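[1] pasting the sequence and the predicted coordinates here, then a few questions.
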Amino acid sequence: MNLLTSSNYRGFALRIGLFFSTFLLAFTLQGVCAPVANPSPVPSKEAISNMTEEQKEARIEAMKERVNEIRAMDKSTLTRAERKALRTELKDMNKEARAMGHHAVTGVYISVGALIIIILLLIIIL
């Protein structure tokens, strides 16, 4: 005896479709309800523009001292969460330093192709 006749099959297919769509919707909405991480404490551009040069330099020096403290730490004894907190702190300080216009490495970057072209032009001209 065939249990899935055409009328039974249609009802069964609708139930299965409803089940899977509900299942998919539940897992899709789970990401929407996830807790939002704390926003980074990087000051806004307005706050940085209102700072004087002395305040900026003092803040940069404080950040450099903190970076040196973190480098001097024995990180092998830290837990995973503490190491993650240190990484986020360093990333935030890096963003803040970039927002203040202080870059660790400054200079002109020349690609290898551009360097070859410059050398060839110098050879041809001279």
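    That came through, no problem.

[2] tell me which residues of the helix or strand containing Thr88 come out buried.
    Using DSSP states H and E, Thr88 sits in helix 80-99. Applying a neighbour-count criterion of 16 or more other C-beta atoms under 10 Å, one finds Glu89, Met93, Glu96, Ala97 buried in helix 80-99. Where C-beta positions appear, they are placed from N, C-alpha and C, glycine not excepted.

[3] where does the most centrally placed residue in the chain land on pLDDT?
    With distances taken as C-alpha atoms, centre = their mean, Lys91 lies nearest the centre of the chain, 8.7 Å away. pLDDT recorded at Lys91 is 91.

[4] what helices and strands are in contact with the helix or strand harbouring Asn68?
    Assessed by DSSP H and E, Asn68 sits inside helix 53-72. Here helix 53-72 touches helix 80-99, going by 3 or more C-beta pairs under 8 Å, 6 or more residues apart in numbering; DSSP states H and E.

[5] now do the helix it packs on against helix 53-72, angle only.
    Relative orientation of helix 80-99 and helix 53-72, computed by axes from the mean of the first three to the mean of the last three C-alpha atoms, to 10 degrees: 150 degrees.

[6] helices or strands next to helix 80-99 in the packing?
    Against helix 80-99 (3+ C-beta pairs under 8 Å, 6+ apart) you get helix 53-72.

[7] what is the mean pLDDT for the helix it packs on?
    Here the average pLDDT along helix 53-72 is 89.

[8] how much space between the residue lying closest to Ala99 once chain neighbours are set aside and Leu90?
    Computed as C-beta to C-beta, 6 or more residues apart in numbering, the closest residue to Ala99 that is not its neighbour in sequence is Ile48, at 5.4 Å. Remark: distance between Ile48 and Leu90 (C-beta to C-beta, to the nearest Å) = 19 Å.
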